[in-house]
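Peer 1: what's the 3D shape of this:
(chains A and B)
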Amino acid sequence: DAGITQSPRHKVTETGTPVTLRCHQTENHRYMYWYRQDPGHGLRLIHYSYGVKDTDKGEVSDGYSVSRSKTEDFLLTLESATSSQTSVYFCAIRAGTPGNQPQHFGDGTRLSIL
Amino acid sequence: QQQVKQSPQSLIVQKGGIPIINCAYENTAFDYFPWYQQFPGKGPALLIAIRPDVSEKKEGRFTISFNKSAKQFSLHIMDSQPGDSATYFCAASRNYGGATNKLIFGTGTLLAVQP
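Peer 2: Next comes the predicted model:
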């Protein structure tokens, strides 16, 4: 699984509560990504990081924030979870060199917001 | 706005058949087109990828055909096996070799290969 660990693997929580998902990599790759997967939508990019403390928004970033204080960890936070954020969340990593490298995905976190 | 359109949504073939999954894109700036395979409970895994300077790429039983003028690309699975039953996603990105390589995914195709 390309040295990627996502935690927790499953979580059920209530609307309005804060939620933090963690992505941990052992590959020392520069780039990290958070996607959400929903039926009929494929995977959509939420946020990504191109280095420690360097992050940017993806196509569905509203309601989410991220942080990357260490190369190996990329955190996704839902400040006040809503039912529309029920989804499967995937983290991906990508090496910066040599040349263009593919993204490798973790096994996901299934998040249910009641 | 869906920039990569994938079809069909689901597909059933017999063992040994050749399933074909099609994708069409809108943004002519896309320059990298990967296919991912996903099994239940797992993350997507890169299967094969192509750049627009070639019209076809083969890796084992998997072939990508690419038509730049039509802005379409497709995945063919030769001699399909029950173990190929999975969800397949096409994707596209721009700025090949650049810093961010943000992928735009199709909506996925659920393939079932019957024994």
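Peer 1: For the spatially most central residue of chain A, which residues are in contact?
Peer 2: Among the residues of chain A, the one closest to the centroid is A:Trp34, at 2.8 Å (C-alpha atoms, centre = their mean). Going by C-beta atoms under 8 Å, 6 or more residues apart in numbering or on different chains, A:Trp34 touches A:21, A:23, A:45-48, A:58, A:64, A:66, A:74, A:76, A:89-91. No exception for glycine: its C-beta is placed from N, CA and C like everyone else's.
Peer 1: helix/strand/coil for B:Phe73?
Peer 2: Assigned by DSSP: H, G, I helix; E, B strand; the rest coil, the conformation of B:Phe73 is strand.
Peer 1: Pull up the gap between the closest residue to it other than its chain neighbours and B:Arg51, please.
Peer 2: Among residues not flanking B:Phe73 along the chain, B:Phe66 sits closest, at 4.6 Å (C-beta to C-beta, 6 or more residues apart in numbering or on different chains). Going from B:Phe66 to B:Arg51 by C-beta to C-beta, to the nearest Å gives 8 Å.
Peer 1: Repeat that for B:Tyr32.
Peer 2: Per C-beta to C-beta, B:Tyr32 is found 6 Å from B:Arg51.
Peer 1: Then A:Ser84 would be within a strand, right?
Peer 2: No: with three-state DSSP as the criterion, A:Ser84 is assigned helix and is not in a strand.
Peer 1: residues near it, how many?
Peer 2: Counted with other C-beta atoms under 10 Å in any protein chain shown, residues neighbouring A:Ser84 total 11.
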